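1. how would this look folded up:
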Amino acid sequence: MKESSNKNCAEIVGRLADYSVGRGSARLRREIEDHIASCPNCAHELEVLIRTATLIEETIPADAPDLWNAIASRLQTKPTHLKTTSPILWVARHKLHSAVTGGLVLITLGALIFSNIQKAPEIGSSTYFSHHATMSLAEPFADKAALGLLSLIESKQE
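-> Numbers count the residues shown, from 1 in each chain. Predicted structure coming up:
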């Protein structure tokens, strides 16, 4: 019997907050009132909740000196120290910087592209055919590519 009473107390305590502020159905209110009449622990919980609610209601909030209006006005104004510009406007304003940066980019790209170009070594047809035979076993589409390369080499030799 004690265990079911504790379970009932847990349910009642969970609903005391609503009861203390006048919420809940008439049936729920009667159930809580019947339980409180026979349970001093739940009656004490209700008394503490009512005192707390009374203290909160009696507390006079301090008036904030137009705090929200100050916050709202600061949110609506755009900051003057942050200037956003498009890349085109930046280039137009910083012509020398843009020219130097563009030149450096072109020099870097040219150096990267032309430093890796190597002249293909001249190979004889016997070397070509031995490489082609090895390649065609591993790569089924290598025949067409190799034949195109062969015709290019033969046309240069003529």
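
2. ok, and for stretch 16-36, which residues are buried?
-> 16, 19-20, 24, 31-32, 35-36 (16 or more other Cβ atoms under 10 Å). Where C-beta positions appear, they are placed from N, C-alpha and C, glycine not excepted.

3. want to throw the residues you listed into CSV with distance to Leu67, secondary structure and pLDDT?
-> Output for the buried residues of stretch 16-36, formatted as CSV (distance: Cβ to Cβ, whole Å; DSSP: H, G, I helix; E, B strand; the rest coil; pLDDT from 0 to 100):
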residue, distance to Leu67, secondary structure, pLDDT
Leu16, 35, helix, 88
Tyr19, 35, helix, 85
Ser20, 31, helix, 82
Gly24, 36, coil, 84
Glu31, 44, helix, 90
Ile32, 40, helix, 90
His35, 44, helix, 91
Ile36, 42, helix, 91
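
4. which element is the residue nearest to Val91 when sequence neighbours are not counted on?
-> Closest residue to Val91 apart from its sequence neighbours, by Cβ to Cβ, 6 or more residues apart in numbering: Ser98 at 4.5 Å. Using DSSP states H and E, the element containing Ser98 is helix 95-115.

5. what helices or strands is that helix leaning on?
-> Applying 3 or more Cβ pairs under 8 Å, 6 or more residues apart in numbering; DSSP states H and E, we find helix 95-115 packed against no helix or strand.

6. Could you pull up the mean pLDDT of it?
-> Mean per-residue pLDDT for helix 95-115: 89.

7. got the contact list for stretch 92-110?
-> For stretch 92-110, the external contacting residues (Cβ atoms under 8 Å, 6 or more residues apart in numbering) are 85, 90-91.

8. repeat that with 7 Å
-> Val91 (Cβ atoms under 7 Å, 6 or more residues apart in numbering).

9. Now it - C-alpha only, PDB.
-> The C-alpha coordinates for stretch 92-110 follow below in PDB (Å, rounded to 0.1, in the frame of the first residue of the first chain):
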ATOM      1  CA  ALA A  92      38.700  49.800 -59.600                       C
ATOM      2  CA  ARG A  93      39.800  51.400 -56.400                       C
ATOM      3  CA  HIS A  94      43.100  49.500 -56.100                       C
ATOM      4  CA  LYS A  95      44.400  49.500 -59.700                       C
ATOM      5  CA  LEU A  96      48.100  49.100 -58.800                       C
ATOM      6  CA  HIS A  97      47.500  46.300 -56.400                       C
ATOM      7  CA  SER A  98      45.300  44.600 -59.000                       C
ATOM      8  CA  ALA A  99      47.900  44.900 -61.700                       C
ATOM      9  CA  VAL A 100      50.700  43.600 -59.600                       C
ATOM     10  CA  THR A 101      48.600  40.700 -58.400                       C
ATOM     11  CA  GLY A 102      47.400  39.800 -61.900                       C
ATOM     12  CA  GLY A 103      51.000  39.900 -63.200                       C
ATOM     13  CA  LEU A 104      52.200  37.700 -60.400                       C
ATOM     14  CA  VAL A 105      49.500  35.200 -61.100                       C
ATOM     15  CA  LEU A 106      50.300  35.100 -64.800                       C
ATOM     16  CA  ILE A 107      54.000  34.700 -64.200                       C
ATOM     17  CA  THR A 108      53.300  31.900 -61.700                       C
ATOM     18  CA  LEU A 109      51.000  30.100 -64.000                       C
ATOM     19  CA  GLY A 110      53.400  30.400 -66.900                       C
END
